[in-house]
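**Q** I would like to see how this sequence folds:
(3 chains, ligands or ions: 3)
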Amino acid sequence: MKVLVVGETVNGEVQNITYELVSCAKKLGDYVTLIMSDADVSSIDGRVIKVNAGEPNPVYYKIVERVIELEKPDLIVFGNTSIGVDLSSQLSTNFPIATRVYNVKSSKNLKEVEVRSMAYGGKVVVVLKLRLPAIVVINAGSYDAGEGMGKASVEELELKYFDIDDVEFLRYIKPEVEDVDISKADVVVSVGRGIGDEANIELAEKLANLLDGVVAGSRPIVDQGWLPKTRQVGKSGKTVTGKLYIALGISGATEHTEGIKAKNVIAVNTDKSAPIFRISRFGAIADVTELLPVLIDKIREIREK
Amino acid sequence: MEIEEMLENLFKRMEEVPDYEKFFQCIQCGVCGGSCPYSTGTVFTPRRMVLAIRAGIVNEVIESFSHWLCSSCFTCSLRCPSRVPITDAVIPALRELSLLQGNPPEELASALISIARYGNPFKKSPRKRDDWTKEVEFEVPLMAKKKSAEVMFLTGCYGAYHSRCRKITKSLAKIMHMIGTDFAILGNEERCIGDLARLNGEFGLFEELAEKNIRTFSKYSFSKIVTHDAHAYNALIREYTKFGFGKEVLHHTQFLHKNLERLKEMFNSLDYTVTYHDSCYVGRRNGIYEEPREVIRSIPKLKFVEMKRNRENALCCGGGSGIWLDSVIKERVKYRPAESRVKEAFSVGADILVTACPLDVPMFEDALKVTDLEGKLEIMDISELVLNAIEG
Amino acid sequence: MKVCVLLRLVPDLVEELEISENEVVPFQYIPNERDEHAIEEAIVLKEKLKDVTLDVVGIADPDSADEIDEGLGFAAAKGADKLYKVILNRQTFSRVEIAKALADFLNDRGYSLILTGVQAIDSFAGSLGGALARFLNLPYIGGAVELNLNEKLYVKKELEGGISAEYRLPLPAVVGVLSAERPLSFVPFTKLRQAMKRAEIEEVELEVPKISGVELVRYETPPEPDVLMLEGDVEEVADRIVEVLRDISVI
Ligand SMILES: Cc1cc2nc3c(=O)[nH]c(=O)nc-3n(C[C@H](O)[C@H](O)[C@H](O)COP(=O)(O)OP(=O)(O)OC[C@H]3O[C@@H](n4cnc5c(N)ncnc54)[C@H](O)[C@@H]3O)c2cc1C
Ligand code: SF4
Ligand code: SF4
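**A** Numbering: from 1, shown residues only, chains lettered A, B, ... in the order given. Ligands and ions are numbered 1, 2, ... in the order given. Down below sits the predicted model:
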C-alpha cells in the first residue's frame, strides 16, 4: 500500500502530529509526506515532497489534490486537527473518508482498508471498511511520534497555474497573555461540565491551592466564561505535561485528552463508562461536588500538621 | 429591550399574581429593606425597586443586578404593612426581564436549561430519578406499577438526585414503610415541580412543568400528596391549583404530625439537645410552625431549645431561589445567612439543628465548615431525627 | 445579505447509548452543540451588520423530525427569520452523502454565507462543512471562533495549542463554527413558545444519494480501560486519593 501523509506546519515548524502520521504510514507500506510550507523538514522520516505555499490554509486542498494525481497513493492520511479537517473534508467528495480514526489495519489488500474510529464522545468504536483510494483522518496521540522521526529525503515541487488566493492567511494570533501557564504547572486540577455550577469552581481552586497547583478546565467551561481561555486543556487549548492531572467531571472527549500528557492522571466521574478513565492511571466513581469538600478537608488537615 | 416594553412586560406578569394591586399601596416605609438579609449588598432594596418601577427607570434595577440578590425568603413580603407581593410578583417579574433579554446569570441559565431538557436542574438523566430506591432495603412502590395508593410521595429534584438530600428521602420512605403507609412514588415520571424556576422569573417553564406534572398525576389514583420538598409543597398548594390541581397536599412535617400517635409508640429516647429551624416555605410562607415542634417534643428525653429568631422571624438559609445564584450573590454580599444561623444554633446549646426543607441541610452543612463548627453541631432533617428515635 | 445556518440533532450522552453491532440507539436527541454556536454567531453577525436575514435549516431523520422543532424554535426566538426542516431519506451515516443532498437544496437560494458547526459527535465518516463547500463550489474554512464582515469575510480560526490565525475570504462561503464569540444566550420558555407559535417551518424531504465506498463493519463498545479504580463511598475515595497523592509525592 502506498500512503500519502499530509503533514502540518505552523509558523515554519513541523507539528508533532506529522510524525505521528508518518509513524502510522510506516506500518502500512510505502509512504511519502507532503509539506506545504518552507519549514525545516529534515527530521521527518522518509521521502518528503515540499511545496512551498505558505502558512496553513484550508484552500491548500487543491495542492493535495495535485499531489494525489502525481503520486497516486492508496491512502491519504490527515491529522484530526483544525487544518487537517478543513483539507480532508474538502477532498472527501472524491474519496471515501473515515474521521476520528485511531487505528488503521494493515493488510496486503489494495482494494479496501479497515479502520477503527472513536465516535460519540468516545463511547462507541466504529469499525469501517473504506474502498481504496481513501482518506483517513487520525486522532492525535494514536501513534508514536518517535517512530515517525528520522532522516528526510526532500524533493521540492513547484506547482504552476494555480489559483489559490480565495482564502488568504493574514496573521497568527498568539494566545492572550496569561496569568499562569498551565502547561508548565506540576499539578493541574481540571474541571469539566460535571462540576455543575460556576460556584463550585471555587472548590477546585481550593484543592489546587492546597496542592500548589493551578486550575484548568475543558472547553465548555471556558466557552461559558467560567474560566479564561488560557486555562483550556486540549486540542485547541494547552497541553499539560506536569506530574499530576486531576480531571473532575470531564468526560474525556479526544479533543480534550489530546492535551493531557501529565505523568499521572486521576479522574473523578459519576459515569463509570466515561472515556476519561481510558487515559487515567487512577479513577473514582463519585460526584465531584460531594467528593471535593471531603477531599479538601482531608488534605487541609494533613497540610496543617 | 426599550424601557416601555420592559414596563409593559413587567406589569403584565405582575398582574397575574394575587394581590397585585397592593403594589400601588407601597408607602415607602422601608421595612422590606430593613428585613432583607441581602440589603447590604444591593443598590435597589425592595422599596427602591418599587420606586424605580414607578419612576420608569426599571432598566437601572436590571443593570444593577439587585433583582438577583434575593433568595425569596418572604421576610419582606410578610412584614410589609401594605402586603406588597415583593417575593412572588415584583422580583420574579424583574428577573423575567433579564431572561427575556437573554442574559441571566450563567449558573441559573444552566439550571433552567437542564430543567427544561431533563426535568431536573442537575443535568442528570430523568431515568435516574429513582436511583435512590436501590439504596433502601425494601421495595419502594412505584405508581406506574401500583396504579393506586393512599399517599403519593413526591421526592422533588433535590430529594431524588442530591446525595445528601437523598438520605432525607430515604429516611422518610423508611418511616412510611415502617408505619405501614400505603404509598407510592412517581419515580422516573416525576419532573421538577418548578417553584424555584417560577421565583427566578421563568414563568413559562413553570407552566409547562405544572401542566406536565398534573397530567402525570391524573394517570393514577391517590388521595393525597406528601412531600418533604418545601418548595414543591408551596407550588402544589398555591400555584398548581391555578392549573386545575386540587388534591390534598401534606408537607412531611404535617404528615409526621398526623401520624404522631403511631410514631410515639415506636420512639426510643434520645439524649440530645436540639433546636428547630423554621424553613422559609414551611414556616413563614405557609404557617407550619407547631407541627414540627410537637413531633420533636414528643421524642422522650430529647431537650428542645428555641433560637432567638424563630417562627416568622427565622433566618433564611440562603438557598431558595438563590440556590442557583450563589456565585452572583457571593460576589456582592459578604454576609452569609447560613453561617449566622448555625452559629446561632450552636450558641443556644444545640447538638442538632433540625430543619424541614432539603435545601437547608447542605446549606447549613457547608456553613459548619467555615464557622469551625463541624463536629460540634449536626444538621438533620426532621425525618432523620424521627428515624433516629425509632431506631434508637 | 442572506445567511444560512445548518442545525443537526445528535444523540444525548446524558444517558447510556444502546450499542449493538449494527445500531447505536440513543435515549434522546439534542441539538448539536457546535451548531448552536453557529446559530449564536450568526445572531452576533446579525447584530453587528443589521441587514442580515437569517435562515436556519434543521436537519432530521423521519424518526427525529419532531425533535428538531424545538431547536428551530430556539433559533427563531433568538432572531432567525426563516426556518426550514429538512427530512432526510437515508440509509447512510456518511456526511458526504448528506452534504450532496443538502447542496442540491441550498444551491441557488442566494446565501452569501452558510454556517455549520465544525463537528458533530456522531460523525465518523466525513465532516459536513468541507464536503458541502465542494459540492457548492465555494471556499471553506472551519474552526471559526469569530466572524467579521468588511466587504470580505474575516475569520478567526483556532489552530492547535491555543494559537489562532486570521483569514480573509470572499463571499459566498461556507464556514464551520467551533464556538461563538460569546456564550450561548438564554431563551426563556415564554419566548420559545411564542416563537414556535409564530414560526412557520417549511418542511422539505430530501433523497440522500448513495455514494459508495464506506461500509460499516460494526459498532463496538470500547474495551474496559486499564485504570486503577479507587472504590468506596465518598470518604473512602477521598482517603484513597490522599494515599495516591502521597505515593506520587504531591503531598
Ligand atoms: C474542533 C474542536 C476542538 C475542541 N477543542 C477542545 C479542547 O481544546 N478542550 C476541550 O476540553 N474540549 C474541546 N472540544 C470539545 C470536546 O469535544 C468536548 O465537547 C468537551 O471536551 C467536553 O467537555 P466536558 O468533558 O467538560 O463535558 P461533557 O462531555 O459534558 O462531560 C461531563 C462529564 O461530567 C460527568 N459528570 C456529570 N456530573 C458529575 C458529577 N456531579 N460528578 C462527577 N462527574 C460528573 C459526566 O458523566 C460527563 O462524563 C473541542 C471540540 C471540537 C469540535
Ligand atoms: S415594606 Fe412594603 S410598603 Fe414598605 S417600602 Fe417595602 S414594599 Fe413598600
Ligand atoms: S424575599 Fe427575602 S431575600 Fe428576597 S428581597 Fe425579600 S427579604 Fe430580601
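
**Q** and residue A:290, how many residues sit next to it?
**A** Number of residues near residue A:290 (other CB atoms under 10 Å in any protein chain shown) recorded here: 18. Using the backbone N, CA and C atoms, a C-beta is placed for each residue, glycine as well.

**Q** same check on the one 3 residues further on?
**A** One way to gauge burial is a neighbour count; for residue A:293, by other CB under 10 Å, it gives 19.

**Q** ok, now the one 4 residues further on?
**A** Applying the criterion other CB under 10 Å, we find 14 residues in the vicinity of residue A:297.

**Q** test my guess that it contacts residue B:366.
**A** No. The criterion here is CB atoms under 8 Å, and residue A:297 misses it with residue B:366 at 11.7 Å.

**Q** for the closest residue to chain A within chain C, give me the pLDDT.
**A** Going by CB to the nearest CB, chain A is nearest to residue C:130 of chain C, at 2.6 Å. pLDDT for residue C:130: 97.

**Q** wait, is it part of a helix?
**A** Yes. Secondary structure of residue C:130 (DSSP: H, G, I helix; E, B strand; the rest coil): part of a helix.

**Q** ok, it to residue A:82 distance?
**A** Distance, residue C:130 to residue A:82, by CB to CB, to the nearest Å: 12 Å.

**Q** tell me, what's touching those two both at once?
**A** Jointly contacting residue C:130 and residue A:82 under the rule CB atoms under 8 Å, 6 or more residues apart in numbering or on different chains are residue C:142.

**Q** so what's residue 159 scoring on pLDDT?
**A** No chain specified, so I'll use chain A. Reported pLDDT for residue A:159: 83.

**Q** hmm, I had chain B in mind actually
**A** 97.

**Q** and if you look at residue B:343?
**A** 97.

**Q** what's the answer for residue A:163, then?
**A** Listed pLDDT for residue A:163 reads 64.

**Q** now do the one 3 residues further on
**A** For residue A:166, the pLDDT comes out at 87.

**Q** likewise for residue B:336?
**A** Predicted confidence (pLDDT) for residue B:336: 87.

**Q** roughly how far does the spatially closest residue to it that is not a sequence neighbour sit from residue B:145?
**A** Among residues not flanking residue B:336 along the chain, residue B:318 sits closest, at 6.3 Å (CB to CB, 6 or more residues apart in numbering or on different chains). Distance of residue B:318 to residue B:145, given as CB to CB: 39 Å.

**Q** repeat for residue B:298
**A** Distance of residue B:298 to residue B:145, given as CB to CB: 35 Å.

**Q** for the chain, what's the longest helix?
**A** No chain specified, so I'll use chain A. Counting by DSSP state H, the longest helix found in chain A is helix A:288-304.

**Q** chain B was what I was after
**A** Ordering each helix of chain B by length in residues (DSSP H) puts helix B:163-179 first.

**Q** so does that helix get close to ligand 1?
**A** No. Helix B:163-179 stays clear of ligand 1 (CB under 6 Å from any ligand atom), getting no nearer than 9.0 Å.

**Q** can you list the residues that contact that helix?
**A** By CB under 8 Å, 6+ apart, the surrounding residues in contact with helix B:163-179 are A:287, A:290, B:132-133, B:135-136, B:138, B:140, B:151, B:153, B:155, B:158-160, B:183, B:185, B:226, B:228, B:252, B:256, B:259, B:262-263, B:266, B:358, B:361-362, B:365, B:381, B:383-384, B:386-387, B:390, C:234.

**Q** 7 Å instead, please
**A** Residues from elsewhere that reach helix B:163-179 (CB atoms under 7 Å, 6 or more residues apart in numbering or on different chains): A:287, A:290, B:132, B:135-136, B:138, B:140, B:153, B:155, B:158-160, B:183, B:228, B:252, B:259, B:262-263, B:358, B:361-362, B:365, B:381, B:383-384, B:386-387, B:390.

**Q** give me the neighbour count for the closest residue to residue B:306 other than its chain neighbours.
**A** Excluding the flanking residues, the one nearest residue B:306 by CB to CB, 6+ apart is residue B:275, at 6.6 Å. Neighbours of residue B:275 under the rule other CB under 10 Å: 24.

**Q** right, and residue B:275 touches residue B:347 too?
**A** No. Counting by CB atoms under 7 Å, residue B:275 does not reach residue B:347; the two are 9.9 Å apart.

**Q** please name the residues that touch residue 46.
**A** By default, I'm working from chain A. Going by CB under 7 Å, 6+ apart, residue A:46 touches A:22, A:31, A:32, A:33, A:150, A:152.

**Q** ah, I was thinking of chain C
**A** Counting by CB under 7 Å, 6+ apart, residue C:46 has contacts C:52, C:54, C:79.

**Q** can you give me the strands for chain C?
**A** Using DSSP state E, the strands of chain C run over residues C:2-11, C:18-20, C:23-25, C:29-31, C:53-60, C:82-89, C:113-117, C:140-150, C:152-158, C:164-169, C:173-177, C:201-207, C:214-220, C:228-229.
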